[in-house]
Each structure stands twice: as C-alpha cells, then as structure tokens.
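J.: Have a look at this fold, sequence not included:
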C-alpha cells in the first residue's frame, strides 16, 4: 500500500460530517510536526458546533522567501441514505479499481497527497528555498463562516505574506489533470418579499395580487444581459431558485410572494452594480417590497504567471495532459484566500462522484496526484534557486 493511499484511508475512516473534523487535523498534524512545521489551531464557533482550523507553516531560513500554501477542508457532506451505499461510507473499500468512501474525492485524497508530497519534498530538501504552509478547515461544506475566512482574517491582521496557494478541490473532469480552476465567479444571493393585499379571490378589486404584480418584473429580469463576461469568465448569470405565495387555500389572493435568487457574477460586474440594476427594475414596476442581500464571495482570477506555469508543467510532465483553465462551477474557500494571496489555483482529482452516494476516487489517481504535487514543489524549489525569486 502506498503512503498516500494509507493516509487517504485513515482520513476517510474519520466521520467528519460538516462541521465535525473527527480528528482528521490531528492525523495531519502528526505528519507535519516531525518535518518542522509550526502548527497552530484556530478553532472557532459555538460549543455545540465547533469548527476546527489549522494553520501550519515551515519557514524558509531566508526571511524574504515566498510562501506556498496548500489549502483544503476535512469536512464532508452528509452521507444520505446509508442503505443506498454499497459499503459503509466511512469504511474505506476497494472495488473495481476504485476507493469508495465519503470524502474520497472531495477532498481527502487531495489532503493526503499534499501531506505525503510535502514529506517527500522535505526528505530531499532539508532547507527549502521557500516556505510551505497548510491552511485547513472543517467548515467548507457548511456555512463557511468560521473556517478559512477566519484564518485569513487572522493572517491578514498579522501581516503574514502568502504568495502562492493550491486548493485541493476536485477540479478534474474526465481524467486527472484535465482541468485547473484559476478563478471563480462571485456569488450574490437575494431574498425578496413583494407585498400585496390579501383578499377573496372572487373580489380582486378589493385585493392586490403580488404574484401578478411581480410577473412583469420577473419577465424583464430574466431577459437582462447583466454583462458580457470576458476572456476568463462567462457572462454574469441571474437565476431564480424559489418562489412561494399563498395560504394553501385556492380562494385566497395572497398578501405577499417570497422569491429567492442568485447571481453568479464575473469581474465585469460589482455587487453594487447588480443590486442597483435589480432594484431599479422593481421600483420601475411600482412594487412594494423588502429585500435582503447576501454576498457569498467576490470573483477572483489568477492570470498566467509563475504558479500557473509551474502547475501546468507539472501536470503535463506527470500525465501528458495540458490542463484546461476554467472559472466555472460553484464557490470554494479559494475566494477567501484570494483576498490576501495574489496567485490562487484549485487542482485535485476528478469530480464525477462528489456529494453522491458511493463517492469514490480511482486508485490510480491517488499517487498520480501526489506525484504532481511533488513535481510542483520541486519546480518551485528549482525556479526559486535559479532565478533568485525568493
């Protein structure tokens, strides 16, 4: 059994359903401390839902050296119905060339590969030309309010410089290495309450139907081109996710309609611009409304540069694949790290089974991923020495 596979299985065996860490971070700390990492727990949250956070760093002897951060999460989504799993989700199981278990792909394989790659690197290089750090949390699959964002705030307050970051999210699609995320769209959600006047459906002149009032505005909102996107991002998308009205009786005009929606927006739009344009439509249609906005994250982009060049070269060397760069998909904790780190990418195993019953990772991909992370570390070491970038 490879060292990486062994650690993946140990991590899967920890039932770390968000926000529980279930001792995953302790396993990782036990591997990092002998390498000389300074490990600091930054746990947050209420006593009944404590979020486990780890900041660990092995500093270069050069005080001006750059820092590479490996980032990720130990928490996993709930299992769903256990009777639909072919094996216990927290008992690592091999079948058909795959390792099954909750978190196998999202993202315990990446965590194990990062740790083992780091062990191999420091076994070869006692004195690296750059610092290596880990930023890990058990609050990525949940609300993400006490996890990475809190660690980032603490590091920012200290003035801790971060230069490169690799987040181990499962980004590959068909084969390991075929896609790297070099950015993500922003997310802006809204909860809208359109007010009317409740009344008997036979006497509409005595009521005001908010569903009817909102319908023309909805038609207009669905037709708006919010922006055209750019070379890195698709055009901003607005999608309605839920609409609800009524008392349950078919002879009552409702007094209000509740609407939930979300923007996934590019760097061509700001939250302020989207809010202003959206509310202008509501006002123009003379709606009486209340609205609550929630900014889930700003868009970020890492343009081609030293980190992307190293990652793409390492993937090509280990797999023969030249990865596609993409900013599609949902959000990740990279959105928080990008606020203090200029070069952030996401790269991990294929994502075809994430959050599903019988989540798995292909056994052959486990050490391939570790080898890619090893190659990235070696290339950064070599480039830093040759160019004196540190």
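T.: Thanks, I have the structure now. Worth saying up front: this structure is predicted, and the values here are computed from it rather than measured.
J.: got a list of what the nearest residue to residue 251 once chain neighbours are set aside touches?
T.: Setting aside the residues directly before and after it, residue 251 is nearest to residue 201 in space (Cβ to Cβ, 6 or more residues apart in numbering), at 4.7 Å. In short, each C-beta sits where N, CA and C put it, glycine included. Residues near residue 201 by Cβ atoms under 8 Å, 6 or more residues apart in numbering: 250-253.
J.: ok, of these, which one's closest to residue 364?
T.: Of all the contacts of residue 201, residue 364 sits closest to residue 250, with 58.1 Å by Cβ to Cβ.
J.: Run a quick neighbour tally on that closest one.
T.: Look at residue 250: counted by other Cβ atoms under 10 Å, it has 7 neighbours.
J.: again with residue 52
T.: For residue 52, the count of nearby residues is 27 (other Cβ under 10 Å).
J.: Could you check which helix or strand contains residue 315?
T.: Element membership of residue 315, judged by DSSP states H and E, is helix 306-319.
J.: Please list the residues outside that helix that contact it.
T.: 164, 166, 175-177, 180, 182, 302, 321-323, 325, 343, 345, 347, 368, 371-373, 375-376, 379-380, 383, 389.
J.: Could I get the buried residue list for it?
T.: Within helix 306-319, the residues that count as buried by 16 or more other Cβ atoms under 10 Å are 306-308, 310-312, 314-315, 318-319.
J.: possible to save those residues as CSV with pLDDT and distance to residue 107?
T.: Shown next, in CSV, are the buried residues of helix 306-319 (pLDDT from 0 to 100; distance: Cβ to Cβ, whole Å):
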residue, pLDDT, distance to residue 107
306, 95, 24
307, 97, 19
308, 97, 20
310, 97, 21
311, 98, 17
312, 97, 21
314, 98, 19
315, 98, 17
318, 98, 19
319, 98, 19
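J.: can you name the two of those residues that are farthest apart?
T.: Comparing all pairs in those by Cβ to Cβ, the longest separation belongs to 306 and 319, at 20.6 Å.
J.: quick one: the nearest residue to residue 220 once chain neighbours are set aside and residue 214, what's the gap?
T.: Ranked by Cβ to Cβ, 6+ apart and with sequence neighbours excluded, the top spatial neighbour of residue 220 is residue 281, at 5.6 Å. Remark: distance between residue 281 and residue 214 (Cβ to Cβ, to the nearest Å) = 11 Å.
J.: neighbour count winner among the two?
T.: When residue 281 and residue 214 are compared for neighbours, residue 214 comes out ahead with 22 against 15, by other Cβ under 10 Å.
J.: can you confirm that one is in a helix?
T.: Yes. Checked against DSSP: H, G, I helix; E, B strand; the rest coil, residue 214 lies within a helix.
J.: roughly how far is stretch 201-216 from the heart of the chain?
T.: 42 Å (Cα atoms, centre = their mean, to the nearest Å).
J.: what about that stretch, how long is it end to end?
T.: 20 Å (Cα to Cα, to the nearest Å).
J.: which residues touch stretch 139-147?
T.: 18-19, 44-45, 51, 53, 72-73, 75-77, 137-138, 148, 332-333.
J.: Specify which member of the residues you listed is nearest to residue 187.
T.: residue 332 (10.8 Å).
J.: Provide a list of residues in contact with the closest one.
T.: Counting by Cβ under 8 Å, 6+ apart, residue 332 makes contact with 140, 167, 169, 181, 184, 346.
J.: Does the first one belong to a helix, a strand or coil?
T.: In this case it means residue 140. The three-state label given to residue 140 by three-state DSSP is coil.
J.: For it, what are phi and psi?
T.: Here the main-chain torsion angles of residue 140 (degrees, to the nearest 10) amount to phi -110, psi -40.
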